[in-house]
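S.K.: Model the following, please.
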Amino acid sequence: MLNPELVQLAAIALAGLAVGGIVYVLVMPFMSGERKASKRVANVAQGQTKSRVRSAPQSQPLQMRKKQVQDSIKDMEAREKAKKRVPLRVKLIRAGLSIKPRTYYIISVATGLVGGFVVLITGSSLLVSLLVAFACGFGLPRWFVARSAKRRQAKFLVEFANAIDIIVRGVKSGLPLNDCLQIIATETPEPVKSEFIGLIEQQKVGVPLARAFERMHDRMPLQEVNFFAIVIAIQSQTGGNLAEALSNLAQVLRDRYRLQAKVRAFSAEAKASALIIGSLPPCVMGIVYFTTPTYIDLLFTEKLGNVMLMVSATWMLIGVLVMRKMINFDY
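M.R.: Okay, here's the model as predicted:
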């Protein structure tokens, strides 16, 4: 056993180190002069700002314009944060499925019943059949809708920059913005065509252009669409060269798409390795089960085997999530 006096001394030493660290963090900024330096820099910057305002009153319209731009961006960010749970109807629209939520629920229930019945007639237990029914009825339809939405968004990004170029050329040639949007709604491929058709129809019934673009972002939740909506909103409030702004935006979108393609190319090998590593244990288990079932039946019939299966599945899930985190890049 450890000596109680040594344990007491170690506890006192650790407590002293903790208190010393806290005191260092709290007192060091005052001792080193960081607070004074930061206050001095803030005062100097504030004085420069005041002197510029006094000496250059002609810069007030520019300041007002910047303030309007900042307010517009803040309003859009506030509306984006206010959106919490996405309704099922919006998810189906994002996936490009023309079905009602009621039909989706019916299909989900039917899929769950069919999956559970198929597993039950193969000789599995009732608990396993219920778990498979829940996975097929709740997880499979949601996965399909999410997968369809991602594929639709990927197709949208391929043609979105070209659609913006149509607006740029039309505005430079003297066409109004509404006519350019009409050209996009009739000439571009899907899904850009359907999204701009909805935009045109909303304008016909009196919906403001900024609100129409906001609804477009709800149906197609991409940063590129948000950039486009911000540019249109700022231009409608402050004015400016719309063709130049949209031309720069189109170039930015193409650069982002090229960066995305490079990321996919660089991470393809890592994704293939993760797929092989993640699929190897269940594939080996399946092969062993079909070749020599008596060798692996203990994992399903004994309690210790069930515990081993659950622990192994948990470790596999953790490993897959870690690999997924390693090969996914934010750009």
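S.K.: make it CA atoms for all contacts and neighbour counts henceforth
M.R.: Noted.
S.K.: for the record, mean pLDDT for stretch 254-267?
M.R.: Mean pLDDT, computed over stretch 254-267, is 82.
S.K.: Next, the buried residues of that stretch.
M.R.: Neighbour counts over stretch 254-267 (16 or more other CA atoms under 10 Å) mark 254, 257, 263, 264, 267 as buried.
S.K.: element containing the third one, please.
M.R.: When you say that, I think you mean residue 263. Here residue 263 sits within helix 242-291, counting by DSSP states H and E.
S.K.: State the next helix or strand along the chain beyond the helix or strand harbouring residue 156.
M.R.: Element membership for residue 156, per DSSP H and E: helix 140-172. Later in the chain than helix 140-172, the nearest helix or strand by DSSP H and E is helix 177-187.
S.K.: on contacts alone, who are the packing partners of that following helix?
M.R.: Using 3 or more CA pairs under 8 Å, 6 or more residues apart in numbering; DSSP states H and E, the elements in contact with helix 177-187 are helix 140-172, helix 192-204.
S.K.: export these to a markdown table and tack on distance to residue 299, mean neighbour count and mean pLDDT?
M.R.: Formatted as a markdown table, those follow (distance: least, CA to CA, whole Å; neighbours: other CA atoms under 10 Å; pLDDT from 0 to 100):
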| stretch | distance to residue 299 | mean neighbour count | mean pLDDT |
| --- | --- | --- | --- |
| helix 140-172 | 27 | 18 | 86 |
| helix 192-204 | 52 | 18 | 84 |
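S.K.: got a markdown table for those helices, with distance to residue 234 too?
M.R.: Formatted as a markdown table, the helices and strands packed on helix 177-187 follow (distance: least, CA to CA, whole Å):
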| stretch | distance to residue 234 |
| --- | --- |
| helix 140-172 | 16 |
| helix 192-204 | 18 |
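S.K.: Can you check what angle separates the helix holding residue 263 from helix 177-187?
M.R.: Interaxial angle of helix 242-291 relative to helix 177-187 (axes from the mean of the first three to the mean of the last three CA atoms, to 10 degrees): 30 degrees.
S.K.: what's downstream of helix 242-291, the next helix or strand?
M.R.: Following helix 242-291 toward the C-terminus (DSSP H and E): helix 293-296.
S.K.: Heading C-terminal from that following helix, find the next helix or strand.
M.R.: Assigned by DSSP H and E, the successor of helix 293-296 is helix 298-301.
S.K.: hang on, the earlier thing: packing partners of the helix holding residue 156?
M.R.: So helix 140-172, by 3+ CA pairs under 8 Å, 6+ apart, packs with helix 88-94, helix 177-187, helix 192-204, helix 242-291.
S.K.: what's the angle between that helix and helix 242-291?
M.R.: 160 degrees.
S.K.: how distant is helix 140-172 from the center of its chain?
M.R.: Here helix 140-172 is found 15 Å from its chain centre; the criterion is CA atoms, centre = their mean, to the nearest Å.
S.K.: Quickly note the distance from residue 164 to residue 208.
M.R.: Distance check for residue 164 against residue 208: by CA to CA, to the nearest Å, it reads 19 Å.
S.K.: before we move on, what about residue 123?
M.R.: 60 Å.
S.K.: Among the two, which residue is more densely surrounded?
M.R.: residue 208 (12 against 9; other CA atoms under 10 Å).
S.K.: Tell me the pLDDT of that one.
M.R.: In this model, residue 208 carries a pLDDT of 79.
S.K.: so what's it up against?
M.R.: Contacts for residue 208 were tallied using CA atoms under 8 Å, 6 or more residues apart in numbering; there are none.
S.K.: Tell me the backbone dihedrals of it, please.
M.R.: Residue 208 adopts backbone torsions of phi -60, psi 150, taken as degrees, to the nearest 10.
S.K.: Can you tell me how far the nearest residue to residue 209 once chain neighbours are set aside is from residue 212?
M.R.: The shortest distance from residue 209 to any non-neighbouring residue, by CA to CA, 6 or more residues apart in numbering, is to residue 203 (6.7 Å). Going from residue 203 to residue 212 by CA to CA gives 7 Å.
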